[in-house]
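Peer 1: build me a structure from this.
(one chain, ligands or ions: 1)
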Amino acid sequence: MANENPLQPKRKRPFVALQEERLERRLALSFGFMSLIPILVVFWAKVSNADMGSALHLAILSALIGYFFVCRPMIKSVIELIHKARAITSGNTAGQIDVKENSEIGELARAFNRITHDLEHKIGELESSRLLVKKLLSRIGTALVSYEGIDNLLSLIIENAAGALEAHMGTLMLVDGEKQDLYMKATWASNGQAADPATRIKLGEGIPGWVAREGRAMRGKSMASSLGFTNTHGSVDCGALCVPLKLREQSIGVLTVMRETGGHAFSEDDEMLLESIGSQMAVAIENYRLNLDVERTYVETIMALALAVEAKDAYSAGHSKRVGFYATQIGEAMGLDEEMLRTLRDAGVLHDIGKIGIKDDILLKSTPLTPDEAKIMQQHPLIGEAIVKPVRSLQKVVVMVRHHHERFDGVGYPGGLKGEAIPLGARILAVADTYDAMVTDRPYRKRLTLEDAKRELKASAGTQHDPAVVEAFLRIIAEKELRVTGAKGAA
Ligand SMILES: [Fe+2]
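Peer 2: Here you go, the predicted structure:
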């Protein structure tokens with residue numbers, strides 16, 4: 001091998017070289033071996049009276065050579081191609097055809113390999129796009145149902161707008177009409193850094209201030225620090241694109257994206273894209289504000305209603321706020337998070353709001369209720385649920401209001417839920433509600449002493465109440481006795 005002259009054409013083995021021949025020549029060869037030569041040999045034997053047996057042997061040998069060395073490899077390659085085509089039509093694009101041929105069949109096989117490779121690549125891209133869309137939808141879903149949803153949603157929009165425009169950071173600033181400046185509402189950066197939320201820009205100052213005042217988009221250069229980004233690139237000029245968020249010809253804010261140094265300048269197309277995203281954001285923000293106003297009014301109304309219900313009955317004055325207070329104390333002792341503690345406080349205030357739908361002669365009756373009256377009274381958790389349900393920000397309160405009269409042993413109402421099937425918040429409210437009823441005067445009995453109340457609570461663990469909740473509450477009473485028992489002012 002070492003003596004081979006690279007300039008001399010390589011000599012190939014005849015049947016390997018055959019695989020590189022054009023298809024037309026190979027068909028001619030196979031015709032020659034399988035038809036022409038056998039006919040000529042037999043004809044020659046006949047004419048020259050040669051041994052016909054030997055001639056037939058030669059003819060068969062020629063046909064076999066033609067079949068095995070010329071015809072069969074071609075047929076095998078074609079069959080392999082057919083199998084691959086079938087696999088592709090049934091969705092399997094994996095694997096490549098093993099190509100040995102240099103003929104037209106080989107070219108076809110290589111074209112197939114290229115097509116399947118491209119197809120696999122495209123399928124991969126589609127799959128990752130699908131996952132991205134799924135991820136986005138789930139994030140949008142989470143943002144929409146969470147209480148602080150709008151901020152998450154706006155950051156998500158900025159992230160995707162910046163991604164589409166190959167920008168490295170973006171901010172949404174809203175106009176503060178009173179102070180005549182812009183304040184930070186949402187922010188995103190590819191390095192995970194958030195812009196300083198305290199950043200404020202006077203109307204007319206810098207690119208965002210100019211865009212907000214003039215109500216027109218602007219492209220230019222600006223420092224990332226002017227938008228509140230203080231990372232290493234903060235003091236470097238970046239390409240900036242800023243568009244106004246307009247409602248009824250009035251700027252309510254500006255949307256800005258920036259490319260770090262080295263990135264190409266923003267184009268007119270980029271500007272048009274960001275403007276259309278900005279106009280959608282303006283509508284979303286306006287709708288959110290309107291909904292928020294409606295919701296806030298509703299929440300204030302039902303909170304007032306809850307107090308109005310209490311005001312009817314001198315004995316229950318302050319009861320709901322105290323229940324909220326005890327419930328948050330229990331939640332804190334059980335290690336629940338801030339959001340749950342807020343929910344418990346609201347649920348405490350609202351737990352008996354359904355009593356607004358119960359007639360006064362039943363609600364204020366100082367003697368025990370008849371079975372029919374008790375049945376009506378037991379409707380109040382369901383009426384309360386219906387009142388609270390429309391408020392999106394109180395969604396977690398709804399189940400607590402509905403189930404605050406369930407019993408741990410399963411004989412409570414309205415669902416007859418048992419044990420941990422009762423939502424934890426409702427189990428906590430039940431203990432807080434019972435305790436407050438025990439330590440305050442009622443028309444039918446005097447308040448219990450602290451010791452008696454503790455004893456009764458202990459006795460109710462496992463039957464009326466969740467033992468874990470009772471245990472947490474007794475622990476608080478022991479640790480913070482004054483704070484809890486003096487709760488008239490605590491709430
Ligand atoms: Fe109740």
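Peer 1: rest of the way, CA atoms for contacts and neighbours
Peer 2: Fine.
Peer 1: quick one, phi psi at D441?
Peer 2: In terms of degrees, to the nearest 10, the main-chain angles of D441 are phi -70, psi 140.
Peer 1: now the closest residue in space to it that isn't next to it in sequence: phi and psi?
Peer 2: Once flanking residues are discounted, D441 sits nearest to R447: 4.4 Å by CA to CA, 6 or more residues apart in numbering. R447 has phi and psi values of phi -60, psi 150 when expressed as degrees, to the nearest 10.
Peer 1: what about R447, neighbour count?
Peer 2: Per other CA atoms under 10 Å, the neighbour tally for R447 reads 16.
Peer 1: likewise L227?
Peer 2: Here the count is done by other CA under 10 Å, and L227 has 28 residues near it.
Peer 1: just the one 3 residues further on next, same as before
Peer 2: Counted with other CA under 10 Å, residues neighbouring T230 total 16.
Peer 1: checking it next. Helix, strand or coil?
Peer 2: With DSSP: H, G, I helix; E, B strand; the rest coil as the basis, the three-state label of T230 is coil.
Peer 1: cool, T171 as well?
Peer 2: strand.
Peer 1: returning to that earlier point: so what's the residue nearest to D441 up against?
Peer 2: A437, M438, V439, T440, D441 (CA atoms under 8 Å, 6 or more residues apart in numbering).
Peer 1: so the last one versus K365, what's the distance?
Peer 2: It refers to D441. 15 Å (CA to CA, to the nearest Å).
Peer 1: what does the third one give?
Peer 2: Relative to K365, V439 is positioned 20 Å away (CA to CA).
Peer 1: go on, the second one?
Peer 2: Noted for M438: a distance of 18 Å to K365, by CA to CA.
Peer 1: these two: which has the busier surroundings?
Peer 2: Neighbours were counted for M438 and for K365 using other CA under 10 Å; M438 has more, 21 against 12.
Peer 1: host element of that one?
Peer 2: Element membership of M438, judged by DSSP states H and E, is helix 424-439.
Peer 1: can you tell me what sits against that helix?
Peer 2: If you take CA under 8 Å, 6+ apart as the criterion, helix 424-439 is touched by 319, 322-324, 326-327, 330-331, 344, 347-348, 399-401, 403-406, 408, 447-450, 453, 457, 465-466, 469-470.
Peer 1: let's see 6 Å
Peer 2: V323, Y326, A327, M400, H403, H404, R447, L448 (CA atoms under 6 Å, 6 or more residues apart in numbering).
Peer 1: likewise for stretch 169-178?
Peer 2: Around stretch 169-178, the neighbours that count as contacts under CA under 6 Å, 6+ apart are 181-189, 252-258.
Peer 1: and the host helix or strand of I387, what's buried?
Peer 2: Using DSSP H and E, the element containing I387 is helix 380-388. Using 16 or more other CA atoms under 10 Å as the test for burial, helix 380-388 gives H380, P381, L382, I383, G384, E385, I387, V388.
Peer 1: that older thread, go through the contacts of helix 424-439 and flag which are in helices.
Peer 2: Applying DSSP state H to those, the entries found in helices are V323, Y326, A327, M400, H403.
Peer 1: which among those residues end up buried?
Peer 2: Among the ones in helices among the contacts of helix 424-439, those classed as buried by 16+ other CA under 10 Å are V323, Y326, A327, M400, H403.
Peer 1: using a markdown table, lay out these together with distance to D118 and pLDDT.
Peer 2: Below are those laid out as a markdown table (distance: CA to CA, whole Å; pLDDT from 0 to 100):
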| residue | distance to D118 | pLDDT |
| --- | --- | --- |
| V323 | 66 | 93 |
| Y326 | 65 | 94 |
| A327 | 61 | 95 |
| M400 | 56 | 96 |
| H403 | 58 | 97 |
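Peer 1: which two of those have the greatest separation?
Peer 2: The span of those, defined through CA to CA, is set by Y326 and H403 at 17.3 Å.
Peer 1: where does C238 sit: helix, strand or coil?
Peer 2: The three-state assignment at C238 reads strand, by three-state DSSP.
Peer 1: what number of residues lie near the closest residue to it other than its chain neighbours?
Peer 2: Closest residue to C238 apart from its sequence neighbours, by CA to CA, 6+ apart: E260 at 4.8 Å. By other CA under 10 Å, the residues close to E260 number 19.
Peer 1: pretty sure E260 contacts L241?
Peer 2: No. With contact taken as CA atoms under 6 Å, E260 and L241 are classed as non-touching, separated by 12.0 Å.
Peer 1: select the longest helix from the chain.
Peer 2: Assigned via DSSP H, the chain shows its longest helix as helix 268-311.
Peer 1: what is it packed up against?
Peer 2: strand 237-247 (3 or more CA pairs under 6 Å, 6 or more residues apart in numbering; DSSP states H and E).
Peer 1: the strand it packs on: what's the following helix or strand?
Peer 2: Defined by DSSP H and E, the subsequent element after strand 237-247 is strand 250-259.
Peer 1: mind listing what's buried along the helix or strand following the helix holding M438?
Peer 2: The element immediately downstream of helix 424-439 (helix or strand, assigned by DSSP H and E) is helix 450-460. For helix 450-460, the neighbour count (16+ other CA under 10 Å) marks A453, K454, L457, S460 as buried.
Peer 1: closest to S30 among those residues?
Peer 2: Checking the buried residues of helix 450-460 one by one against S30 (CA to CA), the nearest turns out to be S460, at 97.9 Å.
Peer 1: that closest one and R114: what is the separation?
Peer 2: Here S460 is placed at a distance of 75 Å from R114 (CA to CA).
Peer 1: do the same with M258
Peer 2: The gap separating M258 from R114 is 39 Å, by CA to CA.
Peer 1: looking at these two, which is more packed in?
Peer 2: Between M258 and R114, counted using other CA under 10 Å, M258 has the larger neighbour count: 30 against 13.
Peer 1: ok, the more buried one touching A240?
Peer 2: Yes. Using CA under 6 Å, M258 is in contact with A240, at 4.5 Å.
Peer 1: and R200, what does it touch?
Peer 2: L182, Y183.
Peer 1: could you give the bridge partners of it?
Peer 2: Beta-bridge partners for R200, by DSSP bridges, are Y183.
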